[in-house]
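*Asks:* Based on what follows, work out the 3D shape:
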Amino acid sequence: MSQQIYNMKFEIIENENFAALKVSLKKGEAVKAESGAMLSMDSHINVEGKMEGGLLSGLGRMLAGETIFIQTISATDKAGEVILAPTNIGSIIEIEIDKNTVWNVSKGGFFAADEGIEVSNKLQNLARGMFSGEGFFVLKISGTGKFFISSFGAVIKKEIKKGEDYIVDNFHLVAWNSDAQIDIQKASSSWLNSFKSGEGLVTKITGPATVYIQTRNPKSFGGWLSGVLPSKK
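*Replies:* Residues are numbered from 1 along each chain as shown. As a prediction, this is how the structure comes out:
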């Protein structure tokens, strides 16, 4: 599907769950992306790493599970094309925001954004930082334009009405708007049943909220993978 990021044209290339993002830049335009995202590009396109927001912001992104640097890919001399690919094996989702909207993105979820987007970090409360699986920092996305998240597996978009509660497994939550009320709680009525079920702690989200949920759990996949790979002797 070809669309516009304001002036920039982009296409999300889907091959089952191995998505990539093709961006067509006009002269003078640039796109931001996670470090190492460049898959291929025209030879005259310029790519550089920047510590956006300074050292503290860079360190905050690192604590949020991202890299300290963000790629800036620009068409300095003439128009050109760049193809970006995320680290995750999954989908790429676009989200459009304006100056009145702020989004939170969990560890490893940020992929790319246009120049009007600011990527900073947000400190979570003690309980969520310790038990959500995201750590004490998540990314805060603000500004005007579009940004892209990447998932592990496919993505489900869920709209939660005002006053409604919805439960999401901690390791499946990718992005949520700042209006959402987030709380950590046990999955079942008792601690014993919560851990016997394999769920343990979950995230309760109170609307109004828009959330993006990934269909695969990176932690569970890592555990499965370590179990099937040959051990070193």
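
*Asks:* Need the distance between the two termini of stretch 140-158.
*Replies:* 19 Å (CA to CA, to the nearest Å).

*Asks:* Flag every buried residue along that stretch.
*Replies:* Within stretch 140-158, the residues scored as buried using 16 or more other CB atoms under 10 Å are 140-153, 155. Any C-beta I mention is one placed from the backbone N, CA and C, and that applies to glycine too.

*Asks:* Over to stretch 93-102?
*Replies:* Neighbour-count burial for stretch 93-102 [16+ other CB under 10 Å]: 93-95, 97, 101-102.

*Asks:* Name the next helix or strand downstream of the lowest-mean-pLDDT helix or strand in the chain, please.
*Replies:* Within the chain, confidence by mean pLDDT, DSSP states H and E is lowest for helix 126-131 among all helices and strands, at a mean of 44. For helix 126-131, the succeeding helix or strand toward the C-terminus, using DSSP states H and E, is strand 137-143.

*Asks:* what's the pLDDT at the residue nearest to Ile89 when sequence neighbours are not counted?
*Replies:* Distances taken as CB to CB, 6 or more residues apart in numbering place Asn17 nearest to Ile89, at 5.9 Å, with adjacent residues excluded. What the model reports for Asn17 is a pLDDT of 74.

*Asks:* Now for Asn17, how many residues are close by?
*Replies:* 15 (other CB atoms under 10 Å).

*Asks:* secondary structure element for it?
*Replies:* Short version, using DSSP H and E: Asn17 is in no helix or strand.

*Asks:* just to revisit the earlier point, from the buried residues of stretch 93-102, which one has the minimum pLDDT?
*Replies:* Thr101 (88).

*Asks:* Going by distance to Asn46, which of the buried residues of stretch 93-102 wins?
*Replies:* Glu94 (23.8 Å; CB to CB).

*Asks:* Return the list of strands paired to the strand or helix carrying that closest one, each annotated with direction.
*Replies:* Using DSSP H and E, Glu94 sits within strand 92-97. Sheet pairing of strand 92-97 (DSSP bridges) gives strand 145-150 (antiparallel).

*Asks:* immediately after the partner strand, which helix or strand?
*Replies:* strand 155-160.

*Asks:* Can you pull out the low-pLDDT segments for this structure?
*Replies:* 1-8, 15-16, 51-68, 122-137, 186-200, 220-225, 227, 231-233 (pLDDT under 70).

*Asks:* just the helices in it please.
*Replies:* Along the chain, counting by DSSP state H, helices occupy 55-63, 126-131, 191-196, 218-228.

*Asks:* CA atoms of the strand holding Glu94 as PDB?
*Replies:* Output in PDB follows, covering the C-alpha atoms of strand 92-97 (Å, rounded to 0.1, in the frame of the first residue of the first chain):
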ATOM      1  CA  ILE A  92       5.100  -2.900  10.700                       C
ATOM      2  CA  ILE A  93       2.200  -0.600  11.700                       C
ATOM      3  CA  GLU A  94       1.900   3.200  11.000                       C
ATOM      4  CA  ILE A  95       0.400   5.600  13.600                       C
ATOM      5  CA  GLU A  96      -0.400   9.200  12.900                       C
ATOM      6  CA  ILE A  97      -0.200  11.800  15.700                       C
END
